[in-house]
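The following block contains a protein sequence and its predicted model.
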Amino acid sequence: MSPPQPPTPEERLAAAKRLMSLPRIVVICGSTRFMAEMNEADVRETCAGKIVVKPTVDMKSPHQLRADPAEAEALKVRLGDLHRAKIRLADEVLVVGDYIGESTRAEIAYARRLGKPVRFTHPEVDPDG
């Protein structure tokens, strides 16, 4: 008989969220071209009693923080890392929009590798559906 394994970080996080009686956490994923739809999904999910995390920086819109191409690329990498952390934190993923690009496809695959349930506002775009 092997000794019991210590809980994984994910198991410890899930246990802490249960102890704190936190509502489910949903992360919204999708192309930033769907920011208005993400905001609407945020309202719906919040009204359903969930904590919502989502992208807040639209890399497609002009902004002073992205004026320098090298800094803009570094920011894009940091935001990608941050969004994957949001996926790890979340209990479920909601993909918004009727188009799945390369970044969103990678986020869906990442969430599924972690065993996170993934829902779609447009189920027909599910790459595994």
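That came through, no problem. These numbers come from a predicted model, not from an experiment. Numbering: from 1, shown residues only.

Give me the below-cutoff pLDDT ranges for this structure.
Low-confidence segments of the chain, defined by pLDDT under 70: 65-66.

So which residues of it form strands?
For the chain, the strands defined by DSSP state E occupy 25-29, 51-53, 92-95, 118-120.

Pick the most deeply packed of those.
strand 25-29 (a mean of 24; mean count of other CB atoms under 10 Å). Where C-beta positions appear, they are placed from N, C-alpha and C, glycine not excepted.

Can you tell me which helices and strands that one packs against?
Judged by 3 or more CB pairs under 8 Å, 6 or more residues apart in numbering; DSSP states H and E, the packing partners of strand 25-29 are helix 35-47, strand 51-53, helix 69-89, strand 92-95, helix 102-113.

go again using 6 Å as the cut-off
helix 35-47, strand 51-53, strand 92-95 (3 or more CB pairs under 6 Å, 6 or more residues apart in numbering; DSSP states H and E).

roughly how far is that strand from the heart of the chain?
Chain-centre distance of strand 25-29: 5 Å, with CA atoms, centre = their mean, to the nearest Å.

Use 831 as the first number for this chain going forward.
In the new numbering, first residue 831, that becomes strand 855-859.

Just checking: what are the partner strands of it?
strand 881-883 (parallel), strand 922-925 (parallel) (DSSP bridges).

Adding distance to H893, write the strands of the chain out as a markdown table.
Output for those, formatted as a markdown table (distance: least, CB to CB, whole Å):
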| stretch | distance to H893 |
| --- | --- |
| strand 855-859 | 20 |
| strand 881-883 | 21 |
| strand 922-925 | 25 |
| strand 948-950 | 29 |
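
And these: which comes nearest V907?
Ranking the strands of the chain by proximity to V907 (CB to CB) places strand 855-859 first, at 17.1 Å.

so G879 touches L852, yeah?
No: applying CB atoms under 6 Å, one finds G879 not in contact with L852, separated by 10.9 Å.

end-to-end on stretch 951-959?
Stretch 951-959 has an end-to-end distance of 13 Å (criterion: CA to CA, to the nearest Å).

What residues of that stretch count as buried?
Using 16 or more other CB atoms under 10 Å as the test for burial, stretch 951-959 gives 951, 955.
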